[in-house]
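In: requesting a structural model of the entry that follows:
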Amino acid sequence: MAEAERPAATIGFMTEFVHTLDDKGRLTLPAKYRDVLAAGVVISRWFDGCLAIYPIATWAELVRKLSLLPVADSKARNFRRFILSGAADDVPDSAGRILIPPYLRDYAHLNGNVIVAGNGPYLEVWNADRWQHQLREFSDGTIDPQTWAEFGI
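Out: Numbers count the residues shown, from 1 in each chain. Down below sits the predicted model:
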């Protein structure tokens, strides 16, 4: 089966896309992944100042894992709070668009052109300038091959 024919649920989200937020704060999802995301998505604050877009079923698994974190542990509560309180769900419209709420657009400094980047089980949405900063970390050696080795890759 060719890559284009495999569902994202099988191979994960990958690739980098340049998209534009419209005046209402809607983001058109990459056409390649619209079928996988058609049942619904969750958009949440994420690490490094970006947003994460999860398919609804994958999000449910993340929430299950978060619910197992000890409620008495302040780090666990703060982590769960950061992820869950910053989440919004949506179902793509017939044009494959989802609404990014204002508080999430503000958090990630999204306006105009944005980068939608695949990251395995989810997509990330980046301010274009912040994305370029992330890429520079690879080119300037901040993230080097030794880091990959530490991860067992």
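In: residues contacting the residue lying closest to Arg26 once chain neighbours are set aside?
Out: Counting by CB to CB, 6 or more residues apart in numbering, the nearest residue to Arg26 once its immediate chain neighbours are dropped is Arg97, at 4.3 Å. Backbone N, C-alpha and C define where each C-beta goes, glycine included. Residues counted as contacts of Arg97 (CB atoms under 8 Å, 6 or more residues apart in numbering) are 22, 26-29.
In: beta partners for Arg97?
Out: Thr28 (DSSP bridges).
In: give the bridge partners for the most centrally placed residue in the chain, please.
Out: Nearest to the geometric centre of the chain sits Ala52, at 2.3 Å (CA atoms, centre = their mean). The partner list for Ala52 in beta bridges (DSSP bridges) reads Ser44, Glu124.
In: which stretches of the protein form helices?
Out: Counting by DSSP state H, one finds helices in the chain at the ranges 8-11, 34-37, 56-67, 74-85, 102-108, 128-139, 145-150.
In: same list, those helices, but as CSV with mean neighbour count, mean pLDDT and distance to Val116 please.
Out: Shown next, in CSV, are these (neighbours: other CB atoms under 10 Å; pLDDT from 0 to 100; distance: least, CB to CB, whole Å):
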stretch, mean neighbour count, mean pLDDT, distance to Val116
helix 8-11, 14, 64, 13
helix 34-37, 16, 94, 11
helix 56-67, 14, 94, 16
helix 74-85, 13, 94, 19
helix 102-108, 15, 97, 12
helix 128-139, 13, 88, 10
helix 145-150, 9, 76, 24
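In: nearest to Pro92, of those?
Out: Across the helices of the chain, Pro92 has its closest neighbour in helix 34-37 (6.0 Å, CB to CB).
In: which secondary structure elements does the closest one contact?
Out: Using 3 or more CB pairs under 8 Å, 6 or more residues apart in numbering; DSSP states H and E, the elements in contact with helix 34-37 are strand 51-55.
In: could you name the helices and strands sitting against the strand it packs on?
Out: Using 3+ CB pairs under 8 Å, 6+ apart: strand 51-55 touches helix 34-37, strand 41-45, helix 102-108, strand 122-127.
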